[in-house]
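Asks: Need coordinates for the below:
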Amino acid sequence: MQFDDDSDYTPPTLDWDDQVCQLIFRDAEGGDSHAQFNLGRIYLEGRLLPKSSIKSAHWYRLAAEQGDAAAQNNLARLYEAGDGVEKDLTRALDLFNMAASQEDEVAQFNLGRLYQNGIGVERNVTKAFEWFLKAAEKEQVQSQLEIGLKFSNGEGVGQDASKAVEWYERAEKNGNSHAGYLLGMRYSRGNGVERDDIRSHELLSKSAEQGHRQAQHELAKQFERGIGCKEDMAIAFTWFHKAASQGHHDAEFRVGQMLSGETGCKKDLVEAAEWFERSAAHGNIRALVELGDIYASNDPLISSKEKSFAWYLKAAEKKHPHAQYLVAQMYSRGDGVSKDDEIAFSWYTAAVESGHHLAPISLIECYIYGRGTEKDTSEAFCLCLARAESGNEHAQSRLGRMYMDGVGVPRDYVFAYSWLNIAAAGGDEPASEWRDKLEVKMTKTQVSDAQRLASRWEVGNSITR
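Replies: Numbers count the residues shown, from 1 in each chain. Modelled structure (predicted):
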């Protein structure tokens, strides 16, 4: 809530005694609006006296009726929230207007907020901008941030990156951490200002020190990459951890990664799992896979094939391609779950449909050997050929072997050598071994023809003589 702060008001401390309360009560009951405002705030905050929104509203009302702008603003907030009084947005709007007409910058900000969000009034971003600007020019810091945002987004005013920067600068100088963060990001990208990594680092550092979690996350990335500062993974981890501790979802995941064995901190898979679980709870599917990997490790403190399978399955059910592939493998091997070739086949199929690059090879093997489905070497060949022609080096290697052995297609050493040669060039190491074994069975003419066909092949095409 944005409440007004009387410039002469000093918040009560534990040193205040009953005599002070009696003096405030005496002046308030005697009609002093300043004392009435102070008493309303004391009751609202629950300091010195027991918290009571009802009593707070009573004293604010008395002060507001005497024209006290700060009391009018604070009473309006109580009516807006229905706190200590029955909720009444019309009454709140009237009171904000009364205070704003007396040039109360907090009330002007609150009117801008109402028009911005359509609270008690029809949403009007132009009027919101106008009220925010009135308050911003009086150094009301939240309004200065809002004006920067309006110029940045072109909402209620023409888009102007330089004006946005100007207002962010004013808000940042007045201590607004979010403005500092936004400025830091603009300097890092050269948006509305000339790119300046050092200036960006300075701004993000200040905002991060103020507790801004997004700034902490960005600052951590700067230390991680040495942008605007010297690379320092230990400091990067510290800032990632600070951001994660405030619930920054990406930071939670990054802390988990670093604790899994990256430089910058001591490896601790148990703690890493805790952070990944937090990240997963916030919807990060990759964190589910990381949890599966952690429990699949050989660390005696945490290793569990059953838990590994459970986490992979959660990710697979959310259509994560690699998790689908890993679940299929675990069903195929009976690893962490009872062996079931039919279920494995269904997950290999799902992984193929999700675009996993290794799943087609496993699915091809299922068709060749009849694992989880009827044996169908023709289907295996067609699936393998399509993947090979699309550029999958593992499929190219398997296709070469199918031509070599005559599986699903008549034996053809020239085509076999060609596909193995293409796969080897694409980085499939077993393909080069199979090619070399096959070469001893071929004539020099066959080898020459195969090499010629391989050299002419392009992605998306078949090999033809």
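Asks: CA atoms for contacts and neighbours, from now on please.
Replies: Will do.
Asks: Phi, psi for residue 67 please.
Replies: Note on residue 67: its backbone torsions stand at phi 90, psi 10 [degrees, to the nearest 10].
Asks: now it: how far from residue 125?
Replies: As judged by Cα to Cα, to the nearest Å, residue 67 and residue 125 stand 29 Å apart.
Asks: Then residue 73?
Replies: On the measure of Cα to Cα, residue 73 and residue 125 end up 21 Å apart.
Asks: ok, now residue 154?
Replies: Distance, residue 154 to residue 125, using Cα to Cα: 10 Å.
Asks: what about those two, which has more around it?
Replies: residue 125 (20 against 14; other Cα atoms under 10 Å).
Asks: hang on, that one packs against residue 116?
Replies: Yes - between residue 125 and residue 116 there is a contact under Cα atoms under 8 Å: 5.3 Å.
Asks: For the stretch 1-150 of the chain, which residues score under the pLDDT cut-off?
Replies: With pLDDT under 70 as the threshold, the stretch 1-150 of the chain has low-confidence stretches at 1-17.
Asks: contacting residues around the one helix or strand residue 310 maps to?
Replies: If you go by DSSP states H and E, residue 310 is part of helix 305-317. With contact meaning Cα atoms under 8 Å, 6 or more residues apart in numbering, helix 305-317 is reached by 285-286, 288-289, 291-296, 322-324, 326-327, 330, 335-337.
Asks: Could you list the buried residues of that helix?
Replies: Judged by neighbour count using 16 or more other Cα atoms under 10 Å, the buried positions of helix 305-317 are 305, 307-316.
Asks: tell me which of those is nearest to residue 260?
Replies: Nearest to residue 260 among those is residue 308, at 15.1 Å by Cα to Cα.
Asks: And stretch 258-271, end to end?
Replies: Stretch 258-271: ends 10 Å apart by Cα to Cα.
Asks: buried stuff in that stretch?
Replies: Using 16+ other Cα under 10 Å as the test for burial, stretch 258-271 gives 258-260, 264-265, 267, 269-270.
Asks: okay, those in TSV with distance to residue 184 next?
Replies: Converted to TSV, these look like this (distance: Cα to Cα, whole Å):
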residue	distance to residue 184
258	25
259	28
260	30
264	24
265	26
267	32
269	34
270	35
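Asks: What about those, which are in helices?
Replies: Among the buried residues of stretch 258-271, the ones falling in helices (DSSP state H) are 258-259, 269-270.
Asks: how far away is residue 31 from residue 37?
Replies: Between residue 31 and residue 37 the computed distance is 11 Å (Cα to Cα).
Asks: what's near enough to touch residue 180?
Replies: By Cα under 8 Å, 6+ apart, the contact list for residue 180 reads 168-169, 171-172, 203-204, 206-207.
Asks: Tell me the one of those nearest residue 85?
Replies: The closest of the contacts of residue 180 to residue 85 turns out to be residue 171 (Cα to Cα; 33.5 Å).
Asks: Can you give me the buried ones in the helix or strand containing the closest one?
Replies: Using DSSP H and E, residue 171 falls within helix 161-173. By 16+ other Cα under 10 Å, the buried positions in helix 161-173 come out as 161, 163-172.
Asks: Which stretches in the stretch 351-465 of the chain count as helices?
Replies: Assigned by DSSP state H, counting those that start in this stretch, the helices in the stretch 351-465 of the chain fall at 359-369, 377-389, 393-405, 413-425, 429-439, 444-456.
Asks: Quick test: name the residue nearest the centre of this protein.
Replies: Nearest to the geometric centre of the chain sits residue 250, at 4.7 Å (Cα atoms, centre = their mean).
Asks: one step back: please produce a PyMOL select command covering the buried subset of the contacts of helix 305-317.
Replies: Applying 16+ other Cα under 10 Å to the contacts of helix 305-317, the buried members can be selected in PyMOL as follows:
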select buried, resi 285+286+288+289+291+292+293+294+295+296+322+323+324+326+327+330+336+337
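Asks: Which of the contacts of helix 305-317 fall in helices?
Replies: Here DSSP H is the test, and the contacts of helix 305-317 give 285-286, 288-289, 291-296, 322-324, 326-327, 330 as lying in helices.
Asks: TSV for the ones in helices among the buried residues of stretch 258-271, including pLDDT and distance to residue 380?
Replies: Shown next, in TSV, are those (pLDDT from 0 to 100; distance: Cα to Cα, whole Å):
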residue	pLDDT	distance to residue 380
258	96	41
259	96	42
269	96	41
270	96	43
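Asks: Which of those residues sits closest to residue 457?
Replies: Proximity of those to residue 457 (Cα to Cα) peaks at residue 258, which lies at 43.0 Å.
Asks: and the gap between that closest one and residue 267?
Replies: As judged by Cα to Cα, residue 258 and residue 267 stand 8 Å apart.
Asks: got a list of what residue 202 touches?
Replies: Counting by Cα under 8 Å, 6+ apart, residue 202 touches residue 184.
Asks: ok, now how distant is it from residue 222?
Replies: Relative to residue 222, residue 202 is positioned 11 Å away (Cα to Cα).
Asks: Give the next helix or strand downstream of the helix or strand hosting residue 54.
Replies: Using DSSP H and E, residue 54 maps to helix 53-65. Scanning forward in sequence from helix 53-65 by DSSP H and E, the next helix or strand is helix 69-81.
Asks: Just the angle for that following helix relative to helix 53-65, thanks.
Replies: With axes from the mean of the first three to the mean of the last three Cα atoms, to 10 degrees applied, the angle from helix 69-81 to helix 53-65 works out at 140 degrees.
Asks: Buried residues of helix 69-81, list them for me.
Replies: Neighbour-count burial for helix 69-81, counted by 16+ other Cα under 10 Å, picks out 69-81.
Asks: Kindly report the same for stretch 346-353.
Replies: 346-352.
Asks: So residue 131, which state does it fall into?
Replies: The three-state label given to residue 131 by DSSP: H, G, I helix; E, B strand; the rest coil is helix.
Asks: So what's the residue count around it?
Replies: Other residues near residue 131 come to 25 when the count uses other Cα under 10 Å.
Asks: And residue 117, by the same measure?
Replies: When neighbours are counted by other Cα under 10 Å, residue 117 registers 14.
Asks: Test my guess that it contacts residue 123.
Replies: Yes - if you go by Cα under 8 Å, residue 117 and residue 123 touch, sitting 6.0 Å apart.
Asks: Quick check: nearest residue in space to residue 40, chain neighbours excluded?
Replies: Excluding its sequence neighbours, the residue lying closest to residue 40 (Cα to Cα, 6 or more residues apart in numbering) is residue 56, at 4.0 Å.
Asks: Name all residues that make contact with that neighbour.
Replies: Applying Cα under 8 Å, 6+ apart, the residues contacting residue 56 are 39-44, 84.
Asks: Serialize the residues you listed to a markdown table and add fields for secondary structure and neighbour count.
Replies: Shown next, in a markdown table, are the contacts of residue 56 (DSSP: H, G, I helix; E, B strand; the rest coil; neighbours: other Cα atoms under 10 Å):
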| residue | secondary structure | neighbour count |
| --- | --- | --- |
| 39 | helix | 25 |
| 40 | helix | 28 |
| 41 | helix | 28 |
| 42 | helix | 22 |
| 43 | helix | 21 |
| 44 | helix | 23 |
| 84 | coil | 17 |
